[in-house]
Every structure is written in structure tokens, then in C-alpha cells.
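# test case, fold it:
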Amino acid sequence: MKTVLELGMAAKEASRQAAVLSQTQKNAVLAAIAKALMKYKQEILSANSLDIKAGRAAGLSDSLLDRLTLTENRIEDMAASIVQVIALEDPVGKVDKGFVTANGLQVYKTRVPIGVCGIIYEARPNVTVDAAVLCFKSGNAVLLRGGKEAINSNICLANMMREALKSQSLNPDIICLVEDTSRESANQMMKLNSCLDVLIPRGGAGLIQAVVENATVPVIETGTGNCHVYIDRDADFEKGVEILYNAKTSRPSVCNAAESLLVHRDIAEKFLPLAKKRLDAKNVVWYGCEETRRILGDSVLPAGDEEYAKEFLDYALSCRVVDSLQEAIDHIYKYSTKHSEAIVTENYTSAREFLKQVDAAAVYVNASTRFTDGGVFGFGAEIGISTQKLHARGPMGLEELTSVKYVVYGNGQVR
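Alright, predicted model coming up:
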């Protein structure tokens, strides 16, 4: 088993080749990976079954097991997302802008690969493919380090992608996987400044916080999702119930799922029973303020700061009745992780005020937070959803995995 440093050095060397590949060469590799996913579907599922068996034995929650699980449909979706990435324009070499200086220099701001991207993630084997594909298409090498829960799946997927690189006579170290899943290997990646140009954590709050606090490598912070749905006094109840149901229950284990419900006091008596009846179909556990508990009864558990700040990643949510739109915005300001926030309203002025004041990577009017996704936004896939403001924010696709280079043409000018 190669060390983190050895893998990092290999990826750094391979990044020189990745940076100069043509779009045609990249797309040929991506097509080979998509084809291999379908060809070796059963091998992938067999490896994944080992991880699921170990996960159940280790007592993983249902939501974590859901993230870990690969099915034929999910593998097909992974292959389909690669086809979408193939169809996307290669950002490398794109000229953002050009101008001529007073002394005749022609200056072009162009897109270039970042170099070597390190990805630390948890029990999400699909990230192995999504991250590698996006990094590769944007001209980068990638050093992947998944969690121990998905190690068999990750090894199988990484080996398959490395074989696809070899089939096109390219250096397989463009895609490297750290097979050591100890905490020490993660710590080593956080300090691997000699090899990594950026480190992107993708996982729960604990992982992201550990990377942000301890890394010396530049970090792009992908976010935990304490996402809110606010039902305004002028909301359409039918829209509100269905948006909440989708945002909370369609896949509660993901970061764009809603975790908190805010309801205007003027409509709380009518709306909350409708919402609870709909969510009862999924046995959602409610935590609520005193007014929520008065309306819905003792089945609602008391909510405090801990519940309002929590990313449940499960069939649970917090609820608070608010006196105004501004109180809802203030609550979101206090507890939001700046991922995705939604308002349900038929009032244009309220919608515009919510959009103006709420600070998040994605803000919705009359739509589910579940749409914050690279595939949905047309990026083919995503490396993660950035909740920071520097360089990249929101779903990170190809362009967010590039930097810039100023290309300057002269004719003998000196200074």
C-alpha cells in the first residue's frame, strides 16, 4: 500500500500530463469510464455489498447506509452523469476577458487547471466517480481519500477508472486513491502542501470542521446543510405542504434536504396540521417551539438551540412559529449553514425581501431545496456544494475546478 506522500507525488507528476490534454482526449477517457461502469456493474455491486454488510455490522444508521448503497439504477445514473460531463464545454483555455493596455500589450485572462485536487469524503462511493470525472475534465489530477465504510467500493471504482486511463495510453496516476482509511492518512493530506493545490472535504460537519481547522493546504469548504423552508402568511398551502414533504423526505440523508420549518403565526393553526399529516406518512419526528407544540400536541418534542442548529440527515425536523417575515429571516441568519433556503409565498414583495436578505449559496422561492445539485443545475455532476464565498460558491462544477492565468502578448515592450 502506497503512502499518502507517495500517492501525492505521483498525482503531482501526472498532473502535468492532465493539464495539457485536449478535450477530445479527455472525453475519450470519460467515455471509457462510463462504459466500464456498465460493463463491470456486477463487480461494483459485489464490492459494495461487502461495505454494506460491514456497515450494518458496525451499526451505521439507515441514512448513512443509504448514502453508502449502490444499486443498478445508481450506477446507471453515475454513467449518465459522465455522459453529461462529456457534453459540457471544457473550461481549460477559455478566455474570460481580453484587453489591450496603453503600451500595446495584449492581455488575456484564461482558464487553467488548479493542478492536484485532494478530496476527503465519507460513505459516498458515488463521490469517487463524480470527483474524479470533474477533476479530470477540468485538467486536474486528483487524490481521493474516502471513508473506511466504502473502501471496497472505492477501490473497485478507482481501479476501473485507472484502467480507463491506461486504455487511452495515459498516466493512471491522474486518478489516485488513498487506501489507508486511518485518521492519520487524512491528517497527512491536510498537510500535503508539497503536492496538493487544494483540498476539498465532502461529508458531515465533523469532517468539514476538522479539515478547515487543521489543514495547511488551501481548502474549499463544502457545506453541511441546515436548510430551512419558510411558509409565509401569503403562502399557497398546497404548494407549501408538497415543497416541505419533498425537501424533507425525498432523501433526508443529503445536505440539500430541509432540516427546519418556519411558519408565519397568522397561518400556523391551519398549515401545521396539514404539514404534519403529510410528513406522518414518513414517520418524521418533530421538534418544535411552544406554539408548535400547542397546535400539534405532545407528539412534538421541545426544540431549543441544539435542535434548531442541527443537521438531522434523517426523518426529523425542527419547527418554529414566527411573527413576521423578518423574524424568519433573523432565525435563518442565526442557525443557517448558508447552504439552501426557501420561502413559500404568493407575495412578490415578501419573496424579493427574502431573496435580498437571506445569505446562502442557493435561495429559492416556491421550490424545494433539493434542487441544489450540480446535475440539476446542468453541471453534469458536482465536486460538492461550497458554502463559502471565496473562489467558488454553490454546486461546484468544471469551471470552479479551474484557476486563471494571464497570457500576455507583446512586441518588445519593456518597463
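
# switch to C-alpha atoms for all contacts and neighbour counts from now on
OK.

# now the residue nearest to residue 225 when sequence neighbours are not counted: which helix or strand?
Among residues not flanking residue 225 along the chain, residue 255 sits closest, at 4.5 Å (CA to CA, 6 or more residues apart in numbering). Secondary structure from DSSP states H and E places residue 255 outside every helix and strand.

# mind checking pLDDT for residue 255?
On the pLDDT scale, residue 255 is placed at 89.

# the one 3 residues further on too?
Reported pLDDT at residue 258 in the predicted model: 97.

# so how far is residue 145 from it?
Going from residue 258 to residue 145 by CA to CA, to the nearest Å gives 28 Å.

# of the two, which one has the most company?
Between residue 258 and residue 145, residue 258 has the larger neighbour count (other CA atoms under 10 Å), namely 34 against 25.

# what about residue 99, distance to residue 259?
To residue 259, residue 99 is 47 Å away according to CA to CA.

# compare the two (neighbour count), which wins?
residue 259 (29 against 12).

# packing partners of whatever helix or strand that one lives in?
Applying DSSP H and E as the criterion places residue 259 in strand 258-264. When contacts are defined as 3 or more CA pairs under 8 Å, 6 or more residues apart in numbering; DSSP states H and E, strand 258-264 packs onto strand 227-231, helix 237-249, strand 316-322.

# out of the ones you listed, which one sits most buried?
Per-stretch averages of neighbours, counted by mean count of other CA atoms under 10 Å, single out strand 227-231 among those, with a mean of 31.

# packing partners of that one?
Under the contact definition 3+ CA pairs under 8 Å, 6+ apart, strand 227-231 sits against strand 258-264, strand 340-344.

# turn those into a markdown table, including distance to residue 308.
Formatted as a markdown table, these follow (distance: least, CA to CA, whole Å):
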| stretch | distance to residue 308 |
| --- | --- |
| strand 258-264 | 7 |
| strand 340-344 | 14 |
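
# ok, how many other residues are close to residue 324?
15.

# ok, it to residue 243 distance?
From residue 324 to residue 243 the distance is 20 Å (CA to CA).

# mean pLDDT and distance to residue 395 for the helices and strands packed on strand 258-264 - can I get that in a markdown table?
A markdown table is the format used below for the helices and strands packed on strand 258-264 (pLDDT from 0 to 100; distance: least, CA to CA, whole Å):
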| stretch | mean pLDDT | distance to residue 395 |
| --- | --- | --- |
| strand 227-231 | 98 | 15 |
| helix 237-249 | 98 | 17 |
| strand 316-322 | 98 | 24 |
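
# Serialize these to JSON lines and add fields for distance to residue 344.
Listed next are the helices and strands packed on strand 258-264 as JSON lines, based on distance: least, CA to CA, whole Å:
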{"stretch": "strand 227-231", "distance to residue 344": "5"}
{"stretch": "helix 237-249", "distance to residue 344": "6"}
{"stretch": "strand 316-322", "distance to residue 344": "14"}
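
# go through those and name the closest to residue 396.
When these are compared for distance to residue 396 using CA to CA, the nearest one is strand 227-231, at 18.3 Å.

# what does that closest one rub up against?
240, 244, 256-264, 328, 332, 336-345, 369 (CA atoms under 8 Å, 6 or more residues apart in numbering).

# excluding chain neighbours, give the residue nearest to residue 80 in space.
Nearest one to residue 80, counting by CA to CA, 6+ apart, is residue 34 at 7.5 Å.

# farthest out from the centre of this protein, which residue is that? Tell me.
Ranked by distance from the centre of the chain (CA atoms, centre = their mean), the top residue is residue 412, with 47.2 Å.

# touching, the residue nearest to residue 225 and residue 205? I think so.
No. Counting by CA atoms under 8 Å, residue 205 is not a contact partner of residue 255; they are 10.3 Å apart.

# now for those two: what residues contact both?
Shared contacts of residue 255 and residue 205, defined by CA under 8 Å, 6+ apart, comprise 223, 224.

# neighbour count winner among the two?
A count of neighbours by other CA under 10 Å puts residue 255 above the other of residue 255 and residue 205, at 27 against 15.

# identify the residues contacting that one.
Residue 255 makes contacts with 223, 224, 225, 226, 313, as judged by CA under 8 Å, 6+ apart.

# cool, residue 12 as well?
Listed by CA under 8 Å, 6+ apart, the contact set of residue 12 reads 115, 116, 141, 195, 196.

# gap between it and residue 199?
With distances taken as CA to CA, residue 12 is found 14 Å from residue 199.

# and the chain, what are its domains?
Annotated domains of the chain cover 4-222+383-409, 227-371 [automatic domain parsing].

# redo the ones you listed as a markdown table? Include distance to residue 377.
Compiled in a markdown table, the domains of the chain are given as follows (distance: least, CA to CA, whole Å):
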| stretch | distance to residue 377 |
| --- | --- |
| domain 4-222+383-409 | 8 |
| domain 227-371 | 8 |
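
# so which of the helices and strands packed on strand 258-264 gets nearest residue 219?
With respect to residue 219, and counting by CA to CA, the nearest of those is strand 227-231 at 22.6 Å.

# parallel or antiparallel, which strands does that closest one pair with?
Sheet pairing of strand 227-231 (DSSP bridges) gives strand 258-264 (parallel), strand 340-344 (parallel).

# restricting to C-alpha, output it in PDB.
Written as PDB, here are the backbone C-alpha positions of strand 227-231 (Å, rounded to 0.1, in the frame of the first residue of the first chain):
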ATOM      1  CA  CYS A 227     -31.700  24.200   5.200                       C
ATOM      2  CA  HIS A 228     -34.900  26.000   6.100                       C
ATOM      3  CA  VAL A 229     -38.400  26.200   4.500                       C
ATOM      4  CA  TYR A 230     -40.300  29.300   5.500                       C
ATOM      5  CA  ILE A 231     -44.100  29.200   4.900                       C
END
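
# what angle do it and strand 316-322 make?
On the basis of axes from the mean of the first three to the mean of the last three CA atoms, to 10 degrees, strand 227-231 is oriented at 40 degrees to strand 316-322.

# what angle do strand 227-231 and helix 237-249 make?
Going by the same axes, to 10 degrees, strand 227-231 makes 170 degrees with helix 237-249.

# from the chain's centre, how far out does strand 227-231 sit?
20 Å (CA atoms, centre = their mean, to the nearest Å).

# ok, stretch 317-331 next?
Mean C-alpha position of stretch 317-331 versus that of the full chain (CA atoms, centre = their mean) differs by 26 Å.

# right, I'll call it a day here.
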